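# Sequence first, predicted coordinates after that:
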Amino acid sequence: MDKYEFIREIGTGTFSKVSLVRDLEKGGLFACKESENKDLLKKEAEIYKRIDHPLFAGFKEYLEEDEKGYLFLQYVPGTDLYQVTDKRESLNFGVAVKIALEVADGIRYLNTCNPPVIYRDLKPENIIVCENGHVKMVDLGSCIWEEDDNSVSGSKSFSAPELFIDNEEPTAASDVYSLAKLLYYMLSGSTDESMCMYLQGGSRGVMSLLKDCLVKEPKKRIPTADMFIKRLAPYHGAEGIRFLLAELKAKKYEKKHEFEEYTSYVAIYGDNQELTKRKGDKA
């Protein structure tokens with residue numbers, strides 16, 4: 001630990017705190033998550049070590065000292081999505097769709113890992129809006145592998161209801177619920193679903209998507225982040241005639257919801273980049 005210089009505290013959680021530190025040997029700024037719950041922090045470190053996706057902060061190392069664990073990650077400067085949305089009361093339709101697609105791509109990546117990872121605690125406070133307009137996720141502390149024993153974790157404002165019921169197992173559909181709640185929050189500035197009339201953009205197709213994702217029963221909900229992306233992708237950068245075409249495309253889902261298998265790629269990271277392609281995906 002002597003090779004790191006503490007600069008300032010940048011966040012606190014129920015079982016941890018996060019500090020900005022400098023690597024005195026190799027240089028560079030990093031975020032250090034410190035916790036007395038070493039087992040939980042070590043598991044989070046293991047997930048970070050296994051993943052490689054632009055949505056998530058990069059892993060540096062995990063250390064233990066004086067009965068505490070220390071997880072060192074890429075430092076992500078920016079403002080969390082809660083502060084950004086709260087300040088503006090809601091986000092522009094195009095911005096909200098762009099952020100939702102970026103986050104959905106990261107959730108899709110986690111849910112299709114081997115073994116699958118369920119995020120469980122998707123909320124605005126865990127999303128950092130960077131200076132370049134893209135977003136990063138900074139907390140995997142509530143993630144579990146799908147076959148793990150479930151424990152109650154999440155935010156009741158954004159997490160799926162089954163996460164708070166004994167003997168209910170979280171699935172990819174649990175994360176889909178949170179994706180929809182996040183998009184709803186960005187468009188309305190509220191988690192109160194009665195505020196639907198105030199959604200930015202006035203999109204009938206997006207309203208239909210939210211309705212199909214926020215079903216309380218997991219088995220009746222859109223089951224995967226990939227399907228969420230397919231439904232939302234036509235609205236990415238859609239203005240004028242492109243918006244009208246997106247609305248027309250969305251109509252087929254209003255009376256007929258075929259949960260077919262598919263893979264969608266949408267350029268959301270720049271003109272020459274696509275959603276992360278995984279080995280075995282269909283082109």
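On my side now, so go ahead.

# And stretch 89-104, what's buried?
90-91, 93-104 (16 or more other CB atoms under 10 Å). Yep, even glycine has a C-beta here, placed from its N, CA and C like the rest.

# List the contacts of the closest residue to V84 other than its chain neighbours.
Of all residues not flanking V84 in the chain, V129 sits nearest, at 5.2 Å (CB to CB, 6 or more residues apart in numbering). For V129, the contacting residues are G78, T79, D80, L81, V84, I99, V135, by CB atoms under 8 Å, 6 or more residues apart in numbering.

# any idea how far V129 is from L41?
Distance from V129 to L41, counting by CB to CB, to the nearest Å: 26 Å.

# Name the helix or strand for the closest residue to H134 other than its chain neighbours, please.
In space, and not counting its chain neighbours, H134 is closest to E102: 6.3 Å by CB to CB, 6+ apart. Assigned by DSSP states H and E, E102 falls within helix 93-111.

# Surely S19 and E5 touch.
No. Look at S19 against E5 with CB atoms under 8 Å: they stay out of range, at 10.2 Å.

# In terms of neighbours, single out the busier of these two.
S19 (18 against 11; other CB atoms under 10 Å).

# now that one: how far from P218?
Taken as CB to CB, the span from S19 to P218 is 38 Å.

# Equivalent analysis for R108, please.
Distance from R108 to P218, by CB to CB: 17 Å.

# neighbour count winner among those two?
Taking neighbours as other CB under 10 Å, R108 and P218 compare with R108 leading, 26 against 19.

# Which pLDDT value belongs to that one?
Note on R108: pLDDT of 97.

# which ones are touching the closest residue to it other than its chain neighbours?
Closest residue to R108 apart from its sequence neighbours, by CB to CB, 6+ apart: A225 at 3.8 Å. Under the criterion of CB under 8 Å, 6+ apart, the contact list for A225 reads A104, D105, I107, R108, N111, A172, D175, V176, L179.

# before we move on, what about K181?
L122, S157, F158, T191, L214.

# so the host helix or strand of it versus helix 93-111, what angle?
Using DSSP H and E, K181 sits within helix 172-188. Counting by axes from the mean of the first three to the mean of the last three CA atoms, to 10 degrees, helix 172-188 lies at 160 degrees to helix 93-111.

# ok now the next helix-or-strand element following helix 172-188, how far from the chain's centre?
Using DSSP H and E, the helix or strand that follows helix 172-188 towards the C-terminus is helix 204-213. Relative to its chain's centre, helix 204-213 lies at 19 Å (CA atoms, centre = their mean, to the nearest Å).

# likewise stretch 217-235?
With CA atoms, centre = their mean, you get 14 Å for stretch 217-235.

# Mind listing what's buried along that stretch?
218, 221-235.

# tell me which of the residues you listed is nearest to F59?
Closest to F59 out of those is A225 (22.1 Å), distances taken as CB to CB.

# per-residue confidence for the closest one?
Predicted confidence (pLDDT) for A225: 96.

# Contact partners for L140?
Contacts of L140 by CB under 8 Å, 6+ apart are E44, I47, Y48, F56, Y119.

# let's see 10 Å
33, 43-48, 51, 56-57, 59, 71, 73, 110, 117, 119-121, 126 (CB atoms under 10 Å, 6 or more residues apart in numbering).

# got it, and L55?
With contact set as CB under 10 Å, 6+ apart, L55 has these partners: 102-110, 127, 134-137, 269, 276.

# can we see that at 6 Å?
G106, M137 (CB atoms under 6 Å, 6 or more residues apart in numbering).

# cool, and E65?
M1.

# end-to-end on stretch 120-134?
End-to-end span of stretch 120-134 (CA to CA, to the nearest Å): 22 Å.

# In this model Y109 seems to touch D226, though I could be wrong.
No. Between D226 and Y109 there is no contact under CB atoms under 6 Å: 10.3 Å.
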